[in-house]
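*Asks:* what shape does this take:
(2 chains)
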Amino acid sequence: MRASRNKDKEEKLEAPAKLKAWWLVLAATTAVVAVGLGLTLGPASLGVREVLLEVLDRLPFVDYDSGLSEREQAIVWEIRLPRVVLGLLVGSMLATAGASYQGVFRNPLADPYLLGVAAGAGFGATVAIVSDLGDGIGTFDAVPMLAFGGALVAVSLTYLVGFSARRSDPVTSLVLAGVAVASFFTAIQTFVQQRDSETIRQVYFFVLGQLRTAGWDEVILVSPYVGGCLFILLLLRRRLDVLAVGDEEAGSLGIDVRLVRLVSVLAASLGTAAVVAVSGLIGFVGIIVPHTIRLIFGFSYRIILPLTILFGGAFLVGADLVARLVLEPAEIPIGVVTAFMGAPFFVLVLRTSRKL
Amino acid sequence: MEAISCRSLRVNFGSTEVLRGIDLEVPKGGWTTVVGPNGSGKTTLLRSIAGIQASQGVIQIDGHSLGAFNRREVAKQIAIVPQQPVIPDGMRIIDYVLLGRTSHLGFFGIEKKSDIEIAQSALEELDVNFSESRTMGTLSGGERQRVVVARALTQGSPILLLDEPTTSLDIGHQQEMLEVVDELRSRLGLTVLATMHDLTLAGQYAESLILIEQGQVVASGSAQEVLTEDLITHHYRASIKVIEDDSGPIVTPVRRKNSNSLE
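*Replies:* Predicted structure coming up:
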């Protein structure tokens, strides 16, 4: 009887978690559509067809006359496209960092700012703004530089404190150290800011996040970090799956847990620090995007990571579009848009997180 | 050659001595079961041998010091079924079982067809019904236990450590589980080191038993030598009777009313 039952099962046996090609196509299409909308919609109304032709025209071996004036061409190439590309980079980095943190810390509500990146960057940016060192625009402006530096200092501090704790559970001590470091940096940041209340508005905008660009500078600044960090996290995707059974069992299955955790946390934090430096503290992307993908497509990081890169980018470009268009010509900070969508989603995740 | 050999193995949790100089030999291809009352150090002993618990003393696997292996090499030698495994509820069963192949995969961690077949046949051996795309969270306690054993088998390691593998199974599934392990052991030449609470079952499947109490070996040998009324009554502080049967000693509790026979 057992033999026949087994035979019956054989036909129903499943393949392991695998990224289906059409999911990737769907994600890539979503990203392309988001980019298309980002390029065509805005205060200056440009036709979809014209923008499309303009983009095609720039491809090698293709020659079209888009009919756009030089000023309109500049809007596409120097204003909209850099901003859309920055949105893609920031969105995919934040979403992927969030997904990786959730795996490493086995906590569905872990986000990219868990280890103090946001507080450190906020502190660095505030110091730069208050000291009148820069206005937040340009490649080597003091605001992104100090924000990047502050973020790295905060994460390193979290790591040092977390590992010196010598508790039996290194994951918990790291998270607790992150809480302590973040509160500490937020306290200094608030103190510095209070002493110079004229700059509160500028600091406020940094904290809420924005995709402000000056040509291609920001894109050039962050793309090496984003590219490198995403690549490393992608390589670790199956190891992140193994971490789901806990440190000890992952170790008994042959994984060097400390090394995997160190490399993935460093890559996620470095990438996050880089994008936060240019875009401010855009919240919730790192939670909404990976969880939606988990709920729809599956639990395995082999599915989640490639899809978060594409959907994360598309999501932020879409959110930026909303931020630009709702109160046109004024802009809502993009962090407000993502939080507005994120907060209800957070509740949903909490209600379903038993599955996660 | 011994598959596992320990010499004066010691483990301290703070100032508490959990293992106090254990000497142990597990012959290759044999089944050895460690028995002993709660808190005697059975689980700590298994965890030390699996290399996930820091210890002092000598542990040799196949004649090589455990410390000379890296994590991956240990995993290729030893698979462990923990007493309380971490169950990721959202993970599909086949993906969970495939985690057992981790130490065999290359840098990119891609399973080959052969890896998938190994995982599927392990699930079949343990008769787990997973006809739909079920996730770990939907399994009953008994099914879960069998899936965890399937993962350990999938690891393909010559040494299998089982920490109370039958705890949440009914008596039929207990026997089935132990039969499957025993059959695989003789077919694949596995070495099994288990801990168990059910002394009768322990005696029926193990070739040799080791009784430990307070981190020390207090008796070892065949089931007939270890499962005696004197030894069990004394070390478990239990009131029991041993009945001789063809399949080995049957240890059964007895209630003695109004007597102070417990000591």
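
*Asks:* and the helix or strand in which A:L259 is found, what's buried?
*Replies:* Per DSSP states H and E, A:L259 falls inside helix A:257-279. By 16 or more other CB atoms under 10 Å in any protein chain shown, the buried positions in helix A:257-279 come out as A:257, A:260-261, A:263-265, A:267-279. To be clear about C-beta, it is placed using only N, CA and C from the backbone, and glycine gets the same treatment.

*Asks:* other SSEs contacting that helix?
*Replies:* helix A:81-105, helix A:117-130, helix A:142-164, helix A:170-194, helix A:217-235, helix A:237-243, helix A:247-252 (3 or more CB pairs under 8 Å, 6 or more residues apart in numbering or on different chains; DSSP states H and E).

*Asks:* is any residue of the shortest one near chain B?
*Replies:* Yes. Interface with chain B: helix A:247-252 contributes A:248-249, A:251-252 (CB under 8 Å from any CB of the partner chain).

*Asks:* show me the shaky parts of the stretch 51-200 of chain B.
*Replies:* B:129-132 (pLDDT under 70).

*Asks:* same thing but 50
*Replies:* Residue ranges of the stretch 51-200 of chain B with pLDDT under 50: none are present.

*Asks:* what's the following helix or strand after the helix holding A:L259?
*Replies:* Downstream of helix A:257-279 (by DSSP H and E), the next one is helix A:285-297.

*Asks:* could you export that following helix as PDB, CA atoms only?
*Replies:* Only the C-alpha atoms of helix A:285-297 are listed here, as PDB (Å, rounded to 0.1, in the frame of the first residue of the first chain):
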ATOM      1  CA  VAL A 285      10.100  51.100   0.900                       C
ATOM      2  CA  GLY A 286      12.200  48.400   2.600                       C
ATOM      3  CA  ILE A 287       9.100  46.900   4.200                       C
ATOM      4  CA  ILE A 288       6.300  47.300   1.700                       C
ATOM      5  CA  VAL A 289       8.100  46.000  -1.400                       C
ATOM      6  CA  PRO A 290       9.700  42.800   0.000                       C
ATOM      7  CA  HIS A 291       6.600  41.800   1.900                       C
ATOM      8  CA  THR A 292       4.300  42.300  -1.000                       C
ATOM      9  CA  ILE A 293       6.600  40.100  -3.100                       C
ATOM     10  CA  ARG A 294       6.700  37.500  -0.300                       C
ATOM     11  CA  LEU A 295       2.900  37.400  -0.100                       C
ATOM     12  CA  ILE A 296       2.400  37.200  -3.900                       C
ATOM     13  CA  PHE A 297       5.400  35.300  -5.200                       C
END
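
*Asks:* pLDDT on it, on average?
*Replies:* Helix A:285-297 shows a mean pLDDT of 88.

*Asks:* in the helix or strand that it is followed by, what's buried?
*Replies:* As assigned by DSSP H and E, the chain's next helix or strand after helix A:285-297 is helix A:301-325. Residues of helix A:301-325 classed as buried: A:301-321, A:323-324 (neighbour count, 16+ other CB under 10 Å).

*Asks:* now stretch B:2-21
*Replies:* B:2-6, B:9, B:11, B:18-20.

*Asks:* state the distance from the residue in the stretch 51-200 of chain A positioned nearest to chain B to A:D196.
*Replies:* Residue nearest to chain B within the stretch 51-200 of chain A: A:R106 (8.3 Å; CB to the nearest CB). A:R106 sits 41 Å away from A:D196, going by CB to CB, to the nearest Å.

*Asks:* ranges for the helices of the stretch 1-150 of chain B?
*Replies:* With helices called from DSSP state H, counting those that start in this stretch, the stretch 1-150 of chain B shows them at B:42-49, B:71-77, B:93-98, B:113-125, B:141-154.

*Asks:* winner for burial among these?
*Replies:* Of all those, helix B:93-98 has the most neighbours on average by mean count of other CB atoms under 10 Å in any protein chain shown, namely a mean of 26.

*Asks:* can you tell me which helices and strands it packs against?
*Replies:* By 3+ CB pairs under 8 Å, 6+ apart, helix B:93-98 packs against helix B:113-125, helix B:141-154.

*Asks:* quick one: closest of the ones you listed to A:V117.
*Replies:* helix B:141-154 (35.4 Å; CB to CB).

*Asks:* so in that sheet, which strands flank the helix or strand following that closest one, and in what orientation?
*Replies:* Per DSSP H and E, the first helix or strand lying C-terminal to helix B:141-154 is strand B:159-163. Strand B:159-163 pairs in its sheet with strand B:78-81 (parallel), strand B:191-195 (parallel), by DSSP bridges.

*Asks:* what residues does the stretch 201-350 of chain A put near chain B?
*Replies:* Counting by CB under 8 Å from any CB, the stretch 201-350 of chain A sits next to chain B at A:235, A:237-239, A:241-242, A:244-246, A:248-249, A:251-256, A:294, A:298-300.

*Asks:* buried among these? Need that as a selection in PyMOL.
*Replies:* To isolate the buried members of these in PyMOL, using 16+ other CB under 10 Å:
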select buried, chain A and resi 235+237+238+239+241+242+244+245+246+248+249+251+252+253+254+255+294+298+299+300
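
*Asks:* just the angle between the helix holding A:L259 and helix A:217-235, please?
*Replies:* Angle, helix A:257-279 to helix A:217-235, by axes from the mean of the first three to the mean of the last three CA atoms, to 10 degrees: 160 degrees.

*Asks:* put the alpha carbons of helix A:257-279 into PDB.
*Replies:* Output of helix A:257-279 as PDB, limited to C-alpha atoms (Å, rounded to 0.1, in the frame of the first residue of the first chain):
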ATOM      1  CA  VAL A 257      26.600  32.100   9.800                       C
ATOM      2  CA  ARG A 258      28.800  34.900  11.100                       C
ATOM      3  CA  LEU A 259      30.400  35.500   7.800                       C
ATOM      4  CA  VAL A 260      27.100  35.500   5.800                       C
ATOM      5  CA  ARG A 261      25.600  37.800   8.400                       C
ATOM      6  CA  LEU A 262      28.600  40.200   8.400                       C
ATOM      7  CA  VAL A 263      28.800  40.400   4.600                       C
ATOM      8  CA  SER A 264      25.100  40.800   4.000                       C
ATOM      9  CA  VAL A 265      24.600  43.400   6.700                       C
ATOM     10  CA  LEU A 266      27.600  45.300   5.500                       C
ATOM     11  CA  ALA A 267      26.500  45.300   1.900                       C
ATOM     12  CA  ALA A 268      22.900  46.300   2.800                       C
ATOM     13  CA  SER A 269      24.100  49.000   5.100                       C
ATOM     14  CA  LEU A 270      26.700  50.500   2.800                       C
ATOM     15  CA  GLY A 271      24.200  50.600  -0.100                       C
ATOM     16  CA  THR A 272      21.600  52.200   2.200                       C
ATOM     17  CA  ALA A 273      24.000  54.800   3.500                       C
ATOM     18  CA  ALA A 274      24.900  55.800  -0.100                       C
ATOM     19  CA  VAL A 275      21.300  56.200  -1.200                       C
ATOM     20  CA  VAL A 276      20.200  57.900   2.000                       C
ATOM     21  CA  ALA A 277      23.100  60.500   1.500                       C
ATOM     22  CA  VAL A 278      21.500  61.700  -1.800                       C
ATOM     23  CA  SER A 279      17.800  61.100  -1.200                       C
END
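
*Asks:* tell me the contacts of the nearest residue to A:R237 once chain neighbours are set aside?
*Replies:* The shortest distance from A:R237 to any non-neighbouring residue, by CB to CB, 6 or more residues apart in numbering or on different chains, is to A:Y301 (4.2 Å). By CB atoms under 8 Å, 6 or more residues apart in numbering or on different chains, the residues touching A:Y301 are A:99, A:103, A:237-238, A:240-241.

*Asks:* what are the contacting residues of stretch A:232-242?
*Replies:* A:17, A:96-97, A:100, A:103-104, A:250, A:253, A:255, A:260, A:263-264, A:267-268, A:300-302, A:304-306, A:309, B:91, B:95, B:99, B:102, B:105, B:107-110.
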